[in-house]
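**Student:** Build me a model from this:
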Amino acid sequence: MIALIQRVLNASVTVDNVVTGEIGQGLLILLGVEKGDDEKRAERLAERVLGYRIFSDENGKMNLNVQQAGGSVLVVSQFTLAADTQKGMRPSFSGGAEPAEAERLYHYFSDCCRQQGITTANGRFAADMQVALVNDGPVTFWLQV
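**Tutor:** Numbers count the residues shown, from 1 in each chain. All right, here's what the predicted structure looks like:
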């Protein structure tokens, strides 16, 4: 399971001209689900993402996690993160989880975030989404379990 996380001042997802999720300060999480991923990996990745200290403390040091910074998360499914780009000029998506399993784990990951008391917004799984964000920093990390 892969999370590309971006520290944002704000972010939103729009589907068919309707905003499906939006946050102020926090993390935009692009989530890729791979074959073999399960609940345990989703829980571990949520723990890592929510605990990752990438927000500034009173001394300007990256020392706070999203909850300590008073932020929210916006989780967006991103199957292209599971792409194999090692050969050729076209990515292979054979490493991605089957759509039904990917959707289940996507929602499970989001629920794990909510259970930690984090305000969690979502995109719409498998939809054509437009994602808008103001990246703060910019600060972007790739986490994988």
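**Student:** So in terms of bridging, what pairs with the residue sitting nearest the centre point of the chain?
**Tutor:** The C-alpha lying nearest the average C-alpha coordinate of the chain belongs to I29 (C-alpha atoms, centre = their mean; 1.8 Å). Using DSSP bridges, the bridge partners assigned to I29 are I5, V75.
**Student:** any idea how far Q25 is from A46?
**Tutor:** Separation of A46 from Q25 (C-beta to C-beta, to the nearest Å): 19 Å. Where C-beta positions appear, they are placed from N, C-alpha and C, glycine not excepted.
**Student:** quick one, which of the two is more surrounded?
**Tutor:** A direct count of neighbours by other C-beta atoms under 10 Å for A46 and Q25 places A46 higher, at 28 against 17.
**Student:** Can you tell me the SS state at that one?
**Tutor:** helix (DSSP: H, G, I helix; E, B strand; the rest coil).
**Student:** got a list of what it touches?
**Tutor:** 109, 112-113, 116 (C-beta atoms under 8 Å, 6 or more residues apart in numbering).
**Student:** from those residues, which would you call buried?
**Tutor:** 109, 112-113, 116 (16 or more other C-beta atoms under 10 Å).
**Student:** among those, which two are most distant?
**Tutor:** The widest separation within these, taken as C-beta to C-beta, falls between F109 and Q116 and amounts to 11.4 Å.
**Student:** about what we covered before: the buried ones among the contacts of A46 in helices, which ones?
**Tutor:** Among the buried ones among the contacts of A46, the members found in helices (DSSP state H) are 109, 112-113.
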